[in-house]
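Engineer: please find the sequence and the predicted model below.
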Amino acid sequence: ILTITEILEWFEIYKAAVNKFYLSKYQIWNMDETHIRKLIDETRLATLVGGEVPAKEMADEEEHKTSCMFINAAGDHFPSTVILPLVNIPPIADDVERYFDFTNTPKGWIDGETCKTMIEEVFVRRINKYREDKGLQGQYMMLVLDNHSSRNYLDIEKLETEHKIIIMFIPPHSSHLLQPLDLGPNKTLKDLYSKLYNPKYDDNMNQKRNKSLWALRLAESHAISEYTIIYSWAKAGLWPINPEAVTKRSMVKPEMNSTISRKRRRKMERGDVMINGSTIVHHGRADKENVIPSNKKTPRKRAPKMQKLV
């Protein structure tokens with residue numbers, strides 16, 4: 001859990017970079033991927049076992065897919081890249097093929113090589129065209145990323161020196177606080193997708209895939225609306241720059257006495273439990289320095305035991 005001090009320190013670094021390169025809302029971007037899969041829980045009666053117990057057969061689950069999106073603080077976005085879990089890209093319906101970029105990995109998850117290609121080639125190509133359209137030729141862009149392991153493949157120095165793209169990593173485990181895509185578009189996308197995607201039981205895999213992509217297209221058209229994007233940047237406090245948008249939310253751990261904090265950290269490392277961010281349970285007993293002592297009552301004196309008569 002991040003402390004308020006850690007959040008504020010990161011915002012100082014972020015703000016310094018924005019000021020150093022004179023970045024506007026058109027020049028600050030966020031990329032993230034989200035997993036797209038809906039289990040098909042439809043069942044059908046397959047046979048009767050012993051004439052009494054019906055055996056039901058579960059339908060195949062949908063293949064795993066990943067959708068990768070790019071948005072900026074001005075409310076603009078680039079076409080999403082859909083990662084399919086296939087060796088080769090299969091036949092895709094024309095009405096969705098033109099809407100997305102496609103790539104593939106063995107299991108449909110983003111990996112290092114895919115991330116490198118998407119940012120160092122696809123994003124660079126699209127951002128150069130965007131610079132021309134907005135009259136931003138020769139100006140720097142910032143790309144905000146989380147700390148997923150696939151980012152380790154990026155040539156950050158080359159992106160900055162050759163393409164004028166600054167990579168800004170948010171702190172670990174802070175996506176729910178600082179990543180715009182997680183604070184609006186991704187959640188909306190999944191909610192709408194789960195309602196729009198309704199394949200038939202007897203659809204083959206390619207029919208399910210195309211229905212899935214069509215549902216994804218419709219869901220994304222709402223999830224990455226200008227309003228949703230701008231709202232998500234404001235909620236993250238990244239544009240306009242406003243650390244209080246994050247520090248006032250309950251997900252951030254408040255600061256506490258440093259001595260007590262060190263004791264807690266040592267105990268947490270030994271596997272003890274913190275409750276509500278304050279009380280540590282240590283082998284079933286709460287820490288003395290962090291628990292308000294209850295009003296002790298004077299114990300009642302017990303009546304002397306009667307001796308057993310012999």
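Structural biologist: Received the coordinates, thanks.
Engineer: what segments of the chain are helices?
Structural biologist: Applying DSSP state H to the chain gives helices spanning 4-20, 94-97, 112-117, 124-134, 156-163, 175-178, 185-196, 205-223, 226-236, 244-247, 258-269.
Engineer: which regions of the chain sit below the pLDDT cut-off?
Structural biologist: 39-61, 250-310 (pLDDT under 70).
Engineer: what residues are up against the closest residue to N128 other than its chain neighbours?
Structural biologist: Once flanking residues are discounted, N128 sits nearest to H163: 8.0 Å by Cβ to Cβ, 6 or more residues apart in numbering. The C-beta positions use only the backbone N, C-alpha and C, and glycine is treated the same way. If you count contacts by Cβ atoms under 8 Å, 6 or more residues apart in numbering, H163 has them with 124, 127-128.
Engineer: filter those to the buried ones?
Structural biologist: Buried subset of these (neighbour count, 16 or more other Cβ atoms under 10 Å): 124, 127.
Engineer: closest to L86 among the contacts of H163?
Structural biologist: Of all the contacts of H163, L86 sits closest to V124, with 25.7 Å by Cβ to Cβ.
Engineer: burial measure for the residue nearest to K15 when sequence neighbours are not counted, as a count.
Structural biologist: What sits nearest to K15 in space, not counting adjacent residues and going by Cβ to Cβ, 6+ apart, is I241, at 5.5 Å. By other Cβ atoms under 10 Å, 15 other residues sit near I241.
Engineer: what's the answer for K134, then?
Structural biologist: Around K134 there are 14 residues (other Cβ under 10 Å).
Engineer: ok, E244 touching G237?
Structural biologist: Yes - the pair E244 and G237 qualifies as a contact (Cβ atoms under 8 Å) at a distance of 7.1 Å.
Engineer: the two: who's more crowded?
Structural biologist: Remark: of E244 and G237, G237 carries more neighbours, 23 against 10, as counted by other Cβ under 10 Å.
Engineer: for that one, what are its contacts?
Structural biologist: By Cβ under 8 Å, 6+ apart, G237 lies in contact with 11, 178, 243-246.
Engineer: of those, which is the most crowded?
Structural biologist: L178 (24 neighbours).
Engineer: returning to that earlier point: export the contacts of G237 to TSV and tack on distance to H148?
Structural biologist: Shown next, in TSV, are the contacts of G237 (distance: Cβ to Cβ, whole Å):
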residue	distance to H148
F11	21
L178	14
P243	24
E244	27
A245	24
V246	20
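Engineer: now for the residue nearest to W239 when sequence neighbours are not counted, how many residues are close by?
Structural biologist: Distances taken as Cβ to Cβ, 6+ apart put A73 closest to W239, at 3.6 Å, once the chain neighbours are dropped. Look at A73: counted by other Cβ under 10 Å, it has 26 neighbours.
Engineer: quick check, A73 in contact with W233.
Structural biologist: Yes - under the criterion of Cβ under 8 Å, A73 makes contact with W233 at 4.6 Å.
Engineer: what do these two both touch?
Structural biologist: Counting by Cβ under 8 Å, 6+ apart, the residues touching both A73 and W233 are 25, 28, 180, 239.
Engineer: quick check, nearest of those residues to R37?
Structural biologist: Using Cβ to Cβ, P180 is the member of the shared contacts of A73 and W233 that sits closest to R37, with 22.9 Å.
Engineer: for the residue lying closest to T228 once chain neighbours are set aside, which residues are in contact?
Structural biologist: Spatial nearest neighbour of T228, chain neighbours left out: G184 (4.8 Å); criterion: Cβ to Cβ, 6+ apart. The contact partners of G184, by Cβ under 8 Å, 6+ apart, come to 223, 228-229, 231-232, 235.
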